[in-house]
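# model this:
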Amino acid sequence: TLATQNALKITGKPSHVYYGDVIESLEAKGGTGNGRSTWSLEESQPGAGVPTGITINGTSGVLTVKDVGTVTVRAERTVPNYGTATDEWTFTVEPKAVTAEVKIDPKDYDGSTAIADTAIHAAVKNGDLVNPGDASAVSGLTAVYDTPNAGRNKTVTLDSSGASSAADPRKYAVSYPAATVGDINPKQVTVTVELSGEGLQTDSSANPPNYYIFDGTAKTPNVTLKDENGNTIPEEAYTVAYSNNTNVSDENSGVYAVVTVTAKPDGNYTFTTATAEFEIRDAGAVLTSSPQARDLEYNGQAHELVTV
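Here you go, the predicted structure:
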């Protein structure tokens, strides 16, 4: 009759076993004398079978979990002249906690914080998948930008109340971030410069048609910028500079006063720098006082008839 070994006990058992775990902490302690421990997996109940993705190294006891279900780990210790000592531990695989990765397609500035559903791409990160073939797509998320202005890495608030994942819920417990980032690009437009303001006159037969009468002061007409659809671009989207805008224009050389409009680098619009010209015309001779008749006496010589 074989002698009975001291009790064998499996130690290093984790409180939870998650899909994708590799457990290296298991040990078989106890028994009697110099023996050898081996490890195996058994079905937790008759007919249940052992999932093929759950394996254990028979010598080291390293447990690899790439499937789901309930499984029993069995440790056996054999010693010559002694009966086999055994211990068992049954566990159920729990879903791995993962967070969906959300990416937002850039959009052009449109004055709103809205994000199209088709611009939202969400899935469990490839690096978090236990098996490359596991389903990972996420749908039903909605999102909005924090402000409508153009910018890079802008805060995007996510709403996951209607979200769902194609991932197997037995394998993955998917959570969703509250926010991510996205880009709003400045809107590309083609612009036209319109000039207006007190003292600005128009001569449709001239080029340029807009002009002022010279009075020695710098002329700074008001600027209205419009896009190709006739929409007015806000003043905060661009800068205005004036040149040659004080002295009489040189019509012979074609040098006129110039208004230059440039898109701000951090604005909501982008466009090729635009210019508009206007002329400053010579005022001509101007009377500074009313003519006054002079009292004259004939002396046979020419006299000025009036004083000015």
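# what residues does stretch 238-254 touch?
Residues outside stretch 238-254 that contact it (C-beta atoms under 8 Å, 6 or more residues apart in numbering): 214, 216-220, 223, 225, 255-264, 267, 269, 278-282. Where C-beta positions appear, they are placed from N, C-alpha and C, glycine not excepted.
# and with 6 Å instead?
214, 218-220, 223, 256-263, 279-280, 282 (C-beta atoms under 6 Å, 6 or more residues apart in numbering).
# so which of these comes closest to residue 99?
Closest to residue 99 out of the contacts of stretch 238-254 is residue 263 (39.0 Å), distances taken as C-beta to C-beta.
# now list the buried members of the contacts of stretch 238-254.
214, 219, 223, 256-257, 259, 261, 263, 279-280 (16 or more other C-beta atoms under 10 Å).
# so which of those is the closest to residue 202?
So of these, ranked by how close each gets to residue 202 (C-beta to C-beta), first place is residue 279, at 10.8 Å.
# could you confirm the closest one falls within a strand?
Yes - the assignment for residue 279 by DSSP: H, G, I helix; E, B strand; the rest coil puts it in a strand.
# tell me which element the closest residue in space to it that isn't next to it in sequence falls in.
Setting aside the residues directly before and after it, residue 279 is nearest to residue 211 in space (C-beta to C-beta, 6 or more residues apart in numbering), at 4.0 Å. Using DSSP states H and E, residue 211 sits in strand 210-213.
# hang on, the earlier thing: the contacts of stretch 238-254: which two are farthest apart?
Spatial extent of these (C-beta to C-beta) is set by the pair 263 and 282 at 35.3 Å.
# pick out the residue nearest the middle of the chain.
Centroid check for the chain by C-alpha atoms, centre = their mean gives residue 182 as the closest residue, at 1.0 Å.
# what's across from that residue in the sheet?
For residue 182, the beta-bridge partners are residue 154 (DSSP bridges).
# give the contact list for it.
104, 154, 156.
# cutoff 10 Å now
By C-beta atoms under 10 Å, 6 or more residues apart in numbering, the contact set of residue 182 is 102-107, 115, 119-120, 143, 145-146, 151-156.
# residue 211 too?
Going by C-beta under 10 Å, 6+ apart, the list of residues near residue 211 reads 199-203, 219, 249, 256-257, 277-281.
# from these, pick the one nearest residue 4.
The closest of the contacts of residue 211, once distances to residue 4 are taken by C-beta to C-beta, is residue 277, at 108.9 Å.
# could you check the pLDDT of the nearest residue to residue 232 once chain neighbours are set aside?
What sits nearest to residue 232 in space, not counting adjacent residues and going by C-beta to C-beta, 6+ apart, is residue 226, at 5.7 Å. Listed pLDDT for residue 226 reads 98.
# and which of the contacts of residue 211 is nearest residue 23?
Nearest to residue 23 among these is residue 277, at 79.4 Å by C-beta to C-beta.
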